[in-house]
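Q: model the structure of this input:
(one chain, ligands or ions: 1)
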Amino acid sequence: MKILHTSDFHLTEEGNSHFKERWKGLRAVIKAGISSKVNLMVISGDLFDSNRAGDSLRTAIRSEFEKASFPIVIIPGNHDAESYSESVFFGENVTVINSLFKPVQLDGVSVWGFPYRELTAEKILLNLHRAAGMVNKNIPSILLLHGELLDISGVWENYGNEGVSRYFPVKLSYFKDLPWGYVLAGHFHTNFDIKRYRDNGYFVYSGSPVSITEKEVGVRKVNIFEIGKAPSAFPVESFYYEDLSIKLDPMEVKEPLKLVKEKLLKADPNAALLVKVEGYFNGRKYNINEKKLAGSITELLKEKACRKKVFEFRDIGEILEDETYREFVDRLNEISKDDEEKSEIENLMLRAMMEAD
Ligand SMILES: [Mn+2]
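A: Numbering: from 1, shown residues only. You can find the predicted model right below:
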């Protein structure tokens with residue numbers, strides 16, 4: 001049995017500026033499932049960005065889901081917890097798990113889901129142990145959940161814009177003695193992440209399959225794996241942000257604009273770029289000033305899908321051409337042979353002169 005595990009599409013209502021890229025993300029993931037010949041797709045919460053989006057997209061999403069040649073199992077997440085009442089229909093091949101105590105049997109695998117609710121860690125653990133007693137240990141079983149793995153450090157930055165309260169907190173150690181062989185989780189957007197809680201026990205975050213916030217940079221992935229084997233990251237052709245930070249160095253021999261051009265050429269043409277150009281350059285040497293450089297970079301970016309543009313560079317040509325500074329560098333070259341040390345001292349001097357400027 002081959003499974004595609006994903007989560008956190010955060011589909012928005014039509015008309016929202018993110019609607020298209022996220023809807024296309026859903027299509028790309030279903031396509032990946034078809035081409036990889038999976039037998040099941042699971043969505044571990046936050047398919048919709050809001051309950052309102054869930055309500056307005058439900059009818060349109062049926063035909064997307066029906067393109068899939070495999071069953072789809074969904075659990076509610078914190079963003080769409082109210083989107084899945086018993087009476088609503090998502091398509092023939094779609095099952096929503098609304099209770100931890102009602103698993104779904106598919107091809108000899110038992111699929112369990114813990115729908116998102118506001119619960120304390122203690123309550124979650126208690127419920128997991130109650131459900132564990134019902135698990136048939138003779139067949140493989142997986143558990144879907146939507147929440148925070150407290151073992152991951154820097155927990156707050158990794159879940160998009162979720163504020164500072166705990167969302168369905170769990171610990172890796174909870175699952176050590178529980179019967180599920182795979183915990184397929186959602187809520188963590190940043191990247192594919194896999195942790196082991198015993199020899200044949202995997203806790204996996206697929207990461208959001210499409211960039212939701214600017215914190216989710218790089219090609220997006222889903223988890224595709226065979227029951228009995230280790231989960232693995234599978235790249236998806238969906239919208240994503242790419243971080244393009246360029247630091248100009250006044251000692252660099254290349255022209256600043258040329259350097260930016262080269263970096264832009266290397267960037268993925270399908271990515272939405274988050275451009276930041278910082279550092280110092282020698283404007284006199286290259287006959288360019290801050291205004292011209294900003295204008296030229298902006299011109300270059302017109303042909304790119306640039307989502308954000310931050311210019312923090314500074315022309316320090318005047319300082320570099322300054323008599324005192326040049327004498328200082330000459331002396332420095334006489335007394336030190338260590339390049340690293342030299343550049344460190346030079347930087348200190350530059351900074352001191354800029355502050356005095
Ligand atoms: Mn989410």
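Q: surely Ser141 is in contact with Val183?
A: No. Using C-beta atoms under 8 Å, Ser141 and Val183 do not qualify as a contacting pair, with a distance of 10.4 Å. The way it works is simple: take the backbone N, C-alpha and C, and place the C-beta from them, glycine included.
Q: so those two - more neighbours on which side?
A: Applying other C-beta atoms under 10 Å to Ser141 and Val183 shows that Val183 carries more neighbours, namely 26 against 21.
Q: for the ion, see how far away the more buried one is.
A: 17 Å (C-beta to the ion, to the nearest Å).
Q: Val310 now?
A: Between Val310 and the ion the computed distance is 26 Å (C-beta to the ion).
Q: element containing that residue?
A: Assigned by DSSP states H and E, Val310 belongs to strand 306-315.
Q: what lies in contact with that strand?
A: Contacts to strand 306-315, defined as C-beta atoms under 8 Å, 6 or more residues apart in numbering, come from residues 214, 241, 248, 256, 272-283, 288-290, 293-294, 297-298, 301, 354.
Q: would you map the helices across the chain?
A: Using DSSP state H, the helices of the chain run over 19-35, 51-66, 121-132, 256-266, 283-286, 290-301, 317-320, 323-335, 339-356.
Q: which residues touch stretch 260-276?
A: Residues outside stretch 260-276 that contact it (C-beta under 8 Å, 6+ apart): 211, 214, 217, 219, 237, 239-246, 254, 277, 297, 300-301, 304-310, 312.
Q: which of the residues you listed count as buried?
A: Burial by neighbour count, 16 or more other C-beta atoms under 10 Å: within the contacts of stretch 260-276 this picks out 211, 217, 219, 239-242, 244, 246, 277, 297, 300-301, 306.
Q: and which of the residues you listed is nearest to Ser35?
A: Within the buried ones among the contacts of stretch 260-276, the smallest distance to Ser35 is 16.2 Å, found for Val219 (C-beta to C-beta).
Q: quick check: the closest one touching Phe234?
A: No. Counting by C-beta under 8 Å, Val219 does not reach Phe234; the two are 10.4 Å apart.
Q: these two touch, right, Asn191 and Val217?
A: No. Using C-beta under 8 Å as the test, Asn191 is too far from Val217 to be in contact (9.0 Å).
Q: if I pick the closest residue to Gly33 other than its chain neighbours, what's in contact with it?
A: Nearest non-adjacent residue to Gly33, counting by C-beta to C-beta, 6 or more residues apart in numbering: Leu4, 4.4 Å away. Residues near Leu4 by C-beta under 8 Å, 6+ apart: 29, 32-33, 36, 38, 40-42, 70, 222-224, 234.
Q: out of the residues you listed, which is nearest to Tyr205?
A: Asn223 (8.3 Å).
Q: quick one: the closest one from the ion, how far?
A: Applying C-beta to the ion, the value for Asn223 to the ion is 16 Å.
Q: which residues of this structure lie near the ion?
A: Asp8, Asp46 (C-beta under 5 Å from the ion).
Q: now do the closest residue to the ion within the chain, the pLDDT please.
A: Per C-beta to the ion, Asp46 is where the chain lies closest to the ion, at 3.7 Å. With respect to pLDDT, Asp46 scores 98.
Q: Glu278: neighbour count?
A: 13.
Q: tell me how far the nearest residue to it once chain neighbours are set aside lies from Trp180.
A: The shortest distance from Glu278 to any non-neighbouring residue, by C-beta to C-beta, 6+ apart, is to Glu312 (4.0 Å). Distance, Glu312 to Trp180, by C-beta to C-beta, to the nearest Å: 48 Å.
Q: likewise for Ala356?
A: Remark: distance between Ala356 and Trp180 (C-beta to C-beta) = 64 Å.
Q: on that earlier part again, intersection of neighbour lists for Ser141 and Val183?
A: Contact criterion C-beta under 8 Å, 6+ apart; residues shared by Ser141 and Val183: none found.
Q: mind listing what Ser336 touches?
A: Taking C-beta under 8 Å, 6+ apart, we find Ser336 in contact with Lys342, Ile345.
Q: make it 7 Å
A: Lys342 (C-beta atoms under 7 Å, 6 or more residues apart in numbering).
Q: give me the pLDDT value at Val155.
A: For Val155, the model assigns a pLDDT of 55.
Q: just Gly160 next, same as before
A: Per the predicted model, pLDDT is 58 at Gly160.
Q: now do the one 5 residues further on
A: Residue-level confidence at Ser165 comes out at 60, pLDDT.
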